[in-house]
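Asks: What follows is a predicted protein model with its sequence.
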Amino acid sequence: MEDIKIISKPLTGSGKKVLIGFPGSGLVGSIALQYIVDQMEFEHIGNVTSKYFPPLAIMAKGVINVPVRFYEKGEFFAIVADIPIHPMICYEVANGIIDWLAQFSIQEIVTIAGIITNEPEKRVFGVATTEESLKLIEEKTIILPMGSISGIAGSILTECKVRDIPAVGLLGETVNTPDPRAAASAVAVLNTMYGLNIGVDALHEQATEIEAAMAKMAEQVQQTEQMPKKEQLPMYG
């Protein structure tokens, strides 16, 4: 814990369900978790800083936010991150977070991330650290038969496995651009897992705006590529 600093109120009670979202493919985890926190009006209870994190501050409407934040509401605890974690330090970050959580006898951990398939369906794939945890998602996701999970999500799941902490990974099908539709699919799975009633219309509206902006950008790039090169321009005078 020397290199991972956690400044937070303690969790209120034991048996919390922990939801974790870090930026990755499609930003699925961070979009989904920030949306859940906002929609359910979680309380901000703490922050994480580290010498391993990029030297930057995140702001929203002029107010500084710590890039990795803790939130709590009722039976849920959420970790929301705005910064990607470099592969070389994923172990240290995952270990530090799980060390802190372990003192509160949590019930289970759900980490949300993206998986690039280049398919448009926006399915949600699932993995778990135990057979019992797998039952939570086997009828709600497509269970991955084999493969690997990289990044901080993989490190968290591995850390849970070696500590015998029940954990689930939800992987939203995405492309490598911000993908609120994939985040909406992950939120829908959490709705069925925990009996939540979080609407996802706002996420689909965000997706429409992002897709329109990307289409406009692609059109501008195409127009630029079609412009005559300097040596092909006509000369006058």
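Replies: Arrived safely.
Asks: Every contact and neighbour count from this point should use C-alpha atoms.
Replies: OK.
Asks: residue nearest the centroid of this structure?
Replies: The centroid of the chain falls nearest to residue 29 when counting by Cα atoms, centre = their mean (1.4 Å).
Asks: Need the nearest residue in space to that residue, chain neighbours excluded.
Replies: residue 21 (4.0 Å; Cα to Cα, 6 or more residues apart in numbering).
Asks: Neighbours of the one you found, how many?
Replies: 25 (other Cα atoms under 10 Å).
Asks: if I look at the nearest residue to residue 196 once chain neighbours are set aside, how far off is residue 36?
Replies: Using Cα to Cα, 6+ apart and skipping residues adjacent in sequence, the residue nearest residue 196 is residue 190, 7.1 Å away. Distance, residue 190 to residue 36, by Cα to Cα, to the nearest Å: 10 Å.
Asks: returning to that earlier point: my guess is the residue nearest to residue 196 contacts residue 197. True?
Replies: No: under the criterion of Cα atoms under 8 Å, residue 190 is not in contact with residue 197, lying 9.3 Å apart.
Asks: Sketch out the strands for the chain, chain order is fine.
Replies: Counting by DSSP state E, one finds strands in the chain at the ranges 4-8, 17-21, 43-50, 58-60, 63-65, 68-73, 76-81, 108-116, 124-128, 142-143, 167-174.
Asks: Let me know which of those strands is tucked in deepest.
Replies: strand 167-174 (a mean of 28; mean count of other Cα atoms under 10 Å).
Asks: roughly how far out does that strand sit from the chain middle?
Replies: 9 Å (Cα atoms, centre = their mean, to the nearest Å).
Asks: Show me what it is packed against.
Replies: The contact analysis (3 or more Cα pairs under 8 Å, 6 or more residues apart in numbering; DSSP states H and E) places strand 167-174 against strand 108-116, strand 124-128, helix 131-137, helix 151-162, helix 180-194.
Asks: what angle separates the longest one from strand 167-174?
Replies: It stands for helix 180-194. Here helix 180-194 runs at an angle of 150 degrees relative to strand 167-174 (axes from the mean of the first three to the mean of the last three Cα atoms, to 10 degrees).
Asks: hang on, the earlier thing: if I pick the residue nearest to residue 29, what's in contact with it?
Replies: Contacts for residue 21 (Cα atoms under 8 Å, 6 or more residues apart in numbering) come out as 28, 29, 30, 31, 32, 33, 79, 80, 81, 111, 112, 113.
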